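Enquirer: Pasting a predicted model and its sequence here:
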Amino acid sequence: MIKIKASHEIEAMRGAGKITAATFERLAEAIVPGVTTAELDAIAAKFIKQNNATCSFWHYNGYPAHICTSVNGQVVHGIPSKQVVLHEGDIVSIDIGVCYKGYHGDSAKTFAVGKISPEAERLIRVTQECFYEGLRQAYAGNRVQDIGAAVQGHAEKNGYSVVRSLVGHGVGSCLHEDPEVPNFGTAGRGARLLSGMTLAIEPMVNQGTYHVNTLADQWTVVTADGKLSAHYEHSVLIRDGEAEILTTC
């Protein structure tokens with residue numbers, strides 16, 4: 001069932017979103033060659049707690065960390081570890097969920113570690129552009145697949161592919177709510193977008209094939225061909241006009 005949010009729920013989600021965005025700002029300072037993904041996890045957990053919120057991902061369906069840290073060919077759900085050291089030239093996708101006053105903010109960004117290749121820079125840039133192409137279609141009266149068609153079209157126009165086995169989603173008092181928000185599709189199809197819906201729109205864009213595999217840890221999703229992947233996500237509020245990004249300062 002798709003939930004339409006009341007004004008007090010939206011305000012709580014704005015609060016969660018501000019903390020989520022501030023956590024990214026704190027992590028951006030720490031993403032340097034030599035840092036471990038476990039250190040990033042600890043920084044995020046401490047910062048979120050200091051802001052009177054909790055980490056949405058902690059023990060969610062058994063997930064063993066506070067944030068997701070996916071490096072290079074890892075698409076999503078990479079588990080922070082003391083053994084994973086970031087090196088010059090890596091890219092790392094950070095996915096953060098924050099719960100504040102019972103409501104969630106869900107956001108993801110891909111960061112450069114030091115100086116990266118022009119190809120990696122372009123992938124990160126196009127992935128962010130894909131989000132904004134989808135966002136332009138996220139208004140009341142449109143349909144869910146209008147978002148996905150815009151994301152897919154921009155990615156493929158630039159020679160990339162969008163992951164199809166993982167999708168965006170509704171977000172609110174639950175981290176994952178209806179409807180699913182694919183990053184592909186046919187415009188004019190899917191659930192009707194209504195004012196007051198809150199969605200996590202999250203393009204996952206690969207350099208090569210859209211096919212992915214899951215590692216033995218049963219969490220980390222990787223590109224099937226080992227090529228790079230980037231991730232960009234915001235929680236947004238559907239309105240009659242332009243959607244509002246909730247996970248921003």
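Expert: Noted; the coordinates are in hand.

Enquirer: going forward, measure contacts between C-alpha atoms and count neighbours the same way
Expert: Will do.

Enquirer: who touches His77 in this structure?
Expert: Applying C-alpha atoms under 8 Å, 6 or more residues apart in numbering, we find His77 in contact with 68-70, 95, 219-221.

Enquirer: Residues contacting the helix or strand harbouring Gly97, please?
Expert: Following DSSP states H and E, the helix or strand that holds Gly97 is strand 91-100. For strand 91-100, contacts defined as C-alpha under 8 Å, 6+ apart pick out 12-13, 15-17, 19-20, 48, 52-57, 66-72, 75-77, 104-113, 116, 120, 175, 230-231.

Enquirer: what about that strand, distance to the chain center?
Expert: 7 Å (C-alpha atoms, centre = their mean, to the nearest Å).

Enquirer: still on that earlier bit, tell me the one of the contacts of His77 nearest Glu39?
Expert: When the contacts of His77 are ranked by distance to Glu39 (C-alpha to C-alpha), Thr69 comes first, at 10.8 Å.

Enquirer: and Ile201, what are its bridge partners?
Expert: Assessed by DSSP bridges, Ile201 has beta-bridge partners His234.

Enquirer: do you know how far it is from Tyr132?
Expert: For Ile201, the distance to Tyr132 (C-alpha to C-alpha, to the nearest Å) stands at 9 Å.

Enquirer: So those two - more neighbours on which side?
Expert: Ile201 (32 against 21; other C-alpha atoms under 10 Å).

Enquirer: ok, back up a step: for the strand holding Gly97, which strands pair with it and how are they oriented?
Expert: Take DSSP bridges as the rule and strand 91-100 pairs in its sheet with strand 54-55 (antiparallel), strand 68-71 (antiparallel), strand 103-112 (antiparallel).

Enquirer: Only the buried residues of the next helix or strand after the longest one, if you could.
Expert: Once strand 103-112 ends, the next helix or strand along the chain (criterion: DSSP H and E) is helix 118-136. Neighbour-count burial for helix 118-136 flags 120, 123-124, 126-135 (criterion: 16 or more other C-alpha atoms under 10 Å).

Enquirer: Mind giving me the packing neighbours of helix 118-136?
Expert: strand 103-112, helix 144-157, strand 198-201, strand 204-206, strand 229-231 (3 or more C-alpha pairs under 8 Å, 6 or more residues apart in numbering; DSSP states H and E).

Enquirer: mind redoing it with 6 Å?
Expert: helix 144-157 (3 or more C-alpha pairs under 6 Å, 6 or more residues apart in numbering; DSSP states H and E).

Enquirer: Centre of the chain to the helix it packs on, how far?
Expert: Chain-centre distance of helix 144-157: 16 Å, with C-alpha atoms, centre = their mean.

Enquirer: And stretch 64-75, by the same measure?
Expert: With C-alpha atoms, centre = their mean, you get 11 Å for stretch 64-75.

Enquirer: For it, output the C-alpha coordinates as PDB.
Expert: C-alpha atoms of stretch 64-75 as PDB (Å, rounded to 0.1, in the frame of the first residue of the first chain):
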ATOM      1  CA  PRO A  64      26.000  -6.000  10.300                       C
ATOM      2  CA  ALA A  65      27.000  -2.300  10.000                       C
ATOM      3  CA  HIS A  66      25.700   1.200  10.200                       C
ATOM      4  CA  ILE A  67      26.300   2.300   6.600                       C
ATOM      5  CA  CYS A  68      27.000   0.600   3.300                       C
ATOM      6  CA  THR A  69      30.400   1.100   1.700                       C
ATOM      7  CA  SER A  70      30.700  -0.300  -1.900                       C
ATOM      8  CA  VAL A  71      34.100   0.000  -3.500                       C
ATOM      9  CA  ASN A  72      34.800   0.100  -7.300                       C
ATOM     10  CA  GLY A  73      32.900  -2.800  -8.800                       C
ATOM     11  CA  GLN A  74      30.700  -3.200  -5.800                       C
ATOM     12  CA  VAL A  75      27.300  -1.800  -6.600                       C
END
